[in-house]
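K.L.:
predicted model, plus sequence, below.
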Amino acid sequence: MAASHASYLTTGYLFRVIFKEISLFKRSWCAGFKTVRGCSLLSGPHPFLSASRTGNERSELLSRYDSLVCSASLREDAQQRTALYQLEQLNRVMKDYNNIPMYVSPPKDYSLISQFRNDSELENTLKPRGREADRRVKPSRPEDILSNEKDDENDTHEEVPKPQPPCGHYIYGDVGTGKTMLMDLFYSCVENSRKKRVHFNAFMLDVHRRIHKLKRSLPKRRIGKMTMYDPIFLVAMEIAEETCLICFDEFQVVDVADAMILKQLFEGLFKCGVVVVATSNRPPEELYKNGLQRAAFVPFIGVLKKHCHAINLNTGKDYRTIEMELAGRLYYISSEPDAENAVNTLFEELAYRQNDVTRPRVLKVHGREVTLSLTCGTMADCTFQELCERPLGAVDYLEIAQHFDTVIIRNVPQLRVGMKDQARRFITLIDNFYDQKVRVVMLADAPLDCLFDQGPMTGEEARDRLMLDELGLTDEASSRLTLFTAEEETFAFQRTVSRLTEMQTEQYWIRGDRSKK
């Protein structure tokens, strides 16, 4: 009996020791987790990263960043390093993440509306199968249609709640602070085949194409039928079936058509488990600032902030303007003597290396023809009038970028506030060329830092004043509309100047040479 009592005491002692060790570990782990949530990352190793690694193993993102710093390709920056700690945490989660089995699991009948052969077949799939099979269903939301809810009202089985997908990141800050560099570094380290990196303009163009295609595939509505179809959530599901991680470069909203669909589109993406990492010059609260019908856009900001952690990367430096070795003279001012002859000579030298003849080229973009009057191989010699005074958009510039790795742009005027359409096209042109690493040579009327003049044009002012009077808007109201203030263009042009500066460096010029790829 004494032995039994001793055994009981020994067992109790062991339980107390084990419980104490577990309590200490729990407090230690929770302290580290709170540090992560509080983003206390300004000095020393990240507590969560340190605890999750053993020995000399360290972050792949930081290792690559340190290598770039050591090779003088990058300059050490404390804020960039802090952002990398947070991106590394997501990087490890994404390695084994897949949204298909957990989030994208609608009935096959709903995967694409185009498979329904007629209205009656579509309507039958929207009816409940239980006792209410004879009653028409009036869905108010597409997610109600597409959700896997109980089929019978008597079914007492409750759907298991889905876990929250990983939180993404929204990296914002001034131009040239390294936002795109960090995102690309993160993207290159993610070991997940279901990832996509895309410029935001190109993404929205693809979304509109998908919506248009889906609407065209819908069965024709018969007279007296008022069935409502909403393709936006279905497009979100299509995208979610293709990828679980989307990295957006230059997240910006300037188009009212984009602004009106973003909330529903991204709600669909997030519900389908898509993780978003984005870069932007604007904080979330200033997206679509002063835009038309912004009140309808504002709820999207809350959706974005709920699913993406905002990282402010205002280092106070524009690393693109820091002296880097230039690739040669690539920006010419038309008033300088022999500037045009120098550009002509450069074109001839570059064309000599092409296995082609000098000729016009016609590009077909969605059934339209875009003609470039002077090309040779992967080179194009264009005027500002050809590129920015014709009704062209991001999809046209992307097509040009896919065919040509070097583009000469001549006769670039000093852009004024009244030239909003041309300025927007020029900004979009450079954004797409930069994203596709197209090399640019420019012949302009003003130096690069003076290319955008904020002085108003008399003719445009008169037209805007007449429009304001017809709309019955006061001066105070008009000052809040980017349609009349060109505030968005002024803001975006700072990015354009910064990018054009980097596009003149030898490093960019070498990266853009597709003949070596």
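P.N.:
Happy to help now that I have it.
K.L.:
run through the stretch 251-400 of the chain and note the low-pLDDT ranges.
P.N.:
The model of the stretch 251-400 of the chain has pLDDT under 70 over residues 321, 323-324.
K.L.:
please, where are all the strands along it?
P.N.:
Remark: strands assigned in the stretch 251-400 of the chain by DSSP state E, counting those that start in this stretch are 275-280, 308-312, 331-333, 359-365, 368-376, 379-383.
K.L.:
same question for the chain.
P.N.:
Using DSSP state E, the strands found in the chain span residues 168-172, 195-199, 245-249, 275-280, 308-312, 331-333, 359-365, 368-376, 379-383, 406-412, 415-416, 439-444, 452-453.
K.L.:
the fourth one pairs with which strands, parallel or anti?
P.N.:
Here strand 275-280 has these sheet partners by DSSP bridges: strand 168-172 (parallel), strand 245-249 (parallel).
K.L.:
pLDDT weak spots in the protein?
P.N.:
Low-confidence segments of the chain (pLDDT under 70): 1-58, 104-162, 219-229, 321, 323-324, 417, 454-491, 516-517.
K.L.:
hang on, the earlier thing: now tabulate the strands of the chain in JSON lines and tack on mean neighbour count and distance to residue 179.
P.N.:
To be clear about C-beta, it is placed using only N, CA and C from the backbone, and glycine gets the same treatment. JSON lines is the format used below for the strands of the chain (neighbours: other Cβ atoms under 10 Å; distance: least, Cβ to Cβ, whole Å):
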{"stretch": "strand 168-172", "mean neighbour count": "23", "distance to residue 179": "5"}
{"stretch": "strand 195-199", "mean neighbour count": "17", "distance to residue 179": "13"}
{"stretch": "strand 245-249", "mean neighbour count": "22", "distance to residue 179": "8"}
{"stretch": "strand 275-280", "mean neighbour count": "24", "distance to residue 179": "4"}
{"stretch": "strand 308-312", "mean neighbour count": "17", "distance to residue 179": "9"}
{"stretch": "strand 331-333", "mean neighbour count": "18", "distance to residue 179": "24"}
{"stretch": "strand 359-365", "mean neighbour count": "12", "distance to residue 179": "29"}
{"stretch": "strand 368-376", "mean neighbour count": "16", "distance to residue 179": "31"}
{"stretch": "strand 379-383", "mean neighbour count": "21", "distance to residue 179": "29"}
{"stretch": "strand 406-412", "mean neighbour count": "22", "distance to residue 179": "25"}
{"stretch": "strand 415-416", "mean neighbour count": "22", "distance to residue 179": "25"}
{"stretch": "strand 439-444", "mean neighbour count": "22", "distance to residue 179": "21"}
{"stretch": "strand 452-453", "mean neighbour count": "19", "distance to residue 179": "22"}
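K.L.:
quick one, which of these gets closest to residue 60.
P.N.:
Evaluated over the strands of the chain, closeness to residue 60 peaks at strand 195-199, with 15.2 Å, by Cβ to Cβ.
K.L.:
ok, that closest one: who's next to it in the sheet?
P.N.:
The strands beside strand 195-199 in its sheet (DSSP bridges) come out as strand 245-249 (parallel).
K.L.:
name the residues that touch the strand it pairs with?
P.N.:
Identification of contacts with strand 245-249 by Cβ atoms under 8 Å, 6 or more residues apart in numbering yields 94, 97, 180, 183, 186-187, 190, 192, 194-200, 203, 239, 269, 274-279, 435.
K.L.:
check stretch 343-359 too.
P.N.:
Outside stretch 343-359, the residues touching it (Cβ under 8 Å, 6+ apart) are 332, 374-379, 381, 406, 408, 410, 441, 443, 515.
K.L.:
kindly report the same for stretch 308-324.
P.N.:
So stretch 308-324 is contacted by 74-75, 77, 79-80, 83, 86, 167-179, 182, 276-278, 283-284, 498-499, 501-502, 505-507 (Cβ under 8 Å, 6+ apart).
K.L.:
one more time with 6 Å
P.N.:
77, 79, 83, 167-171, 173-177, 179, 276, 284, 498, 501-502, 505 (Cβ atoms under 6 Å, 6 or more residues apart in numbering).
K.L.:
swap in stretch 427-443?
P.N.:
Outside stretch 427-443, the residues that touch it by Cβ under 6 Å, 6+ apart are 199, 330-332, 334, 343, 387, 394, 397-398, 401, 406-410, 412, 492, 496, 499, 503, 509, 511-512.
K.L.:
run the last query once more with 7 Å
P.N.:
199, 201, 249-250, 330-332, 334, 339-340, 343, 346, 387-388, 393-394, 397-398, 401, 404-412, 489, 492-493, 496, 499-500, 503, 509, 511-512 (Cβ atoms under 7 Å, 6 or more residues apart in numbering).
K.L.:
and what of stretch 390-405?
P.N.:
Taking Cβ under 7 Å, 6+ apart as the rule, stretch 390-405 contacts 201-202, 205, 363, 365-366, 370, 378-380, 425, 428-429, 432-433, 436, 438-439, 512-514.
K.L.:
okay, buried residues for it please.
P.N.:
Applying a neighbour-count criterion of 16 or more other Cβ atoms under 10 Å, one finds 392-401, 404-405 buried in stretch 390-405.
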